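In: can't give you the sequence, but here's the structure:
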Ligand SMILES: Cc1cc2nc3c(=O)[nH]c(=O)nc-3n(C[C@H](O)[C@H](O)[C@H](O)COP(=O)(O)OP(=O)(O)OC[C@H]3O[C@@H](n4cnc5c(N)ncnc54)[C@H](O)[C@@H]3O)c2cc1C
């Protein structure tokens, strides 16, 4: 049709280059999106080509398949961050950790324990990111999205997003993948996190006799703890936690307690750290088809020399198979497969 597209469109880009796990074949098109206008234009481009759309931020929770993706990847680069009082408003392509740091440096609380989580602001509500007892759902006010099935913009409130553990309407049910988050509103506060904290943070506080629980202090402590334990995506290929934690209740909890499984009371039931299960199944430090079960945090799978998606799936089956054999629990993968 001879349309002159204003945005940058690249063809045949390896998904490995766009994701922190660094595997996956070529995406047919990748469009860098810097504004809501470009988002609409990119939507028209995909429509004209008759191709499906996949939204990506930092690729820190995304795994590419060997065959790649025969559609259009929208790479979210919509920037712009404003902090007015306790409200933080930003473009979905803002870097999450930069948002956290900006908020903490103004004394704002609510996301300080989510320091150093790789990825973008727009992806944070998708799986309701969480760490050290904080979750983004507790501070999210609303989001603006481009509806990829109609091409129109709309807003969703926190309630409408129906958050739960690593879940929202953005990544589940019929609405999974339907909305592109272009802008996010967070409502923070001037409170302070109070002890006792989540295990490793509490241990740090005690060992270093910390009494300053200001957002900036928590940010610095969490950054240090994470720096020692978690791989830096710039240097080491991984997608962070490869498996989700498990929630159980009633008789299932009793059965597992008898097996000596460590669990924490949460809500109406118990939370089991899947990393503990993997470690106690004797898999820590072992390599499966080029993927290493991290020595420092068994929930993390590091891509040492894994070359393909099929290798990764073999590793996943072997790890979850060993855990199931020992504890009768099925591990569920956390990252999303494109
Ligand atoms: C070392 C490491 C540590 C990590 N630690 C944590 C942790 O402590 N807690 C935690 O919760 N997660 C953690 N993660 C996972 C990851 O950082 C988060 O899921 C993060 O939100 C991913 O952001 P991203 O921009 O890279 O998302 P991507 O990987 O690009 O996308 C993830 C999913 O969100 C969708 N998506 C992305 N952007 C948008 C958008 N703008 N609109 C709609 N859909 C979108 C994608 O389609 C995909 O389904 C970790 C990852 C790594 C590598």
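Out: Nice, I can see it. As the structure is a computational prediction, the values presented were derived from the model and not from experiment.
In: For the stretch 201-338 of the chain, which segments count as helices?
Out: Shown for the stretch 201-338 of the chain, the helices assigned by DSSP state H, counting those that start in this stretch span residues 215-229, 250-258, 274-280, 309-327.
In: Quick one: mean pLDDT for the second one?
Out: Within the predicted structure, the mean pLDDT of helix 250-258 is 94.
In: do the longest one as well
Out: In this model, helix 309-327 has an average pLDDT of 98.
In: Only the buried residues of that helix, if you could.
Out: By 16 or more other CB atoms under 10 Å, the buried positions in helix 309-327 come out as 309, 311-316, 319-320, 322-323, 327. Any C-beta I mention is one placed from the backbone N, CA and C, and that applies to glycine too.
In: now swap in the second one and tell me
Out: By neighbour count, with 16+ other CB under 10 Å as the criterion, the buried positions of helix 250-258 are 252-253, 256.
In: Can you tell me which of the buried residues of helix 309-327 is closest to the ligand?
Out: Relative to the ligand, the closest of the buried residues of helix 309-327 is residue 312; by CB to the nearest ligand atom it sits at 14.2 Å.
In: Tell me if I'm right that that closest one and residue 306 touch.
Out: Yes: the pair residue 312 / residue 306 is scored as a contact, 5.8 Å apart, by CB atoms under 8 Å.
In: overlap in contacts of these two?
Out: Common neighbours of residue 312 and residue 306, using CB atoms under 8 Å, 6 or more residues apart in numbering, are 23, 289, 291.
In: dump the residue contacts of the closest residue in space to the second one that isn't next to it in sequence.
Out: The spatially closest residue to residue 289, leaving aside those adjacent along the chain, is residue 311, at 4.0 Å (CB to CB, 6 or more residues apart in numbering). By CB under 8 Å, 6+ apart, residue 311 lies in contact with 289-291.
In: Any idea which residue of the stretch 201-338 of the chain lies closest to the ligand?
Out: residue 240 (2.4 Å).
In: and residue 82, how many neighbours does it have?
Out: Neighbourhood size, residue 82 [other CB atoms under 10 Å]: 11.
In: For residue 23, see how far away it is.
Out: For residue 82, the distance to residue 23 (CB to CB, to the nearest Å) stands at 37 Å.
In: repeat for residue 177
Out: As judged by CB to CB, residue 177 and residue 23 stand 20 Å apart.
In: hmm, back to that, from the contacts of residue 311, which land in strands?
Out: Among these, the residues falling in strands (DSSP state E) are residue 291.
In: Name the member of the contacts of residue 311 with the most neighbours.
Out: Greatest neighbour count in the contacts of residue 311, by other CB under 10 Å, goes to residue 291: 25 neighbours.
In: Which residues are in contact with the spatially closest residue to it that is not a sequence neighbour?
Out: With CB to CB, 6+ apart as the criterion, residue 291 has its nearest non-adjacent residue at 4.2 Å, and that residue is residue 315. When contacts are counted by CB under 8 Å, 6+ apart, residue 315 touches 288-291, 301, 306.
In: what pairs with residue 181 across the strands?
Out: residue 145 (DSSP bridges).
In: May I ask you to confirm that it is in contact with residue 92?
Out: Yes: because the distance of 4.6 Å satisfies CB under 8 Å, residue 181 is recorded as touching residue 92.
In: Are there residues contacting both of the two? Which ones?
Out: Shared contacts of residue 181 and residue 92, counting by CB under 8 Å, 6+ apart, come down to 76, 122-123, 143.
In: Could you dump the residues you listed into a markdown table and include neighbour count?
Out: Output for the shared contacts of residue 181 and residue 92, formatted as a markdown table (neighbours: other CB atoms under 10 Å):
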| residue | neighbour count |
| --- | --- |
| 76 | 26 |
| 122 | 28 |
| 123 | 29 |
| 143 | 27 |
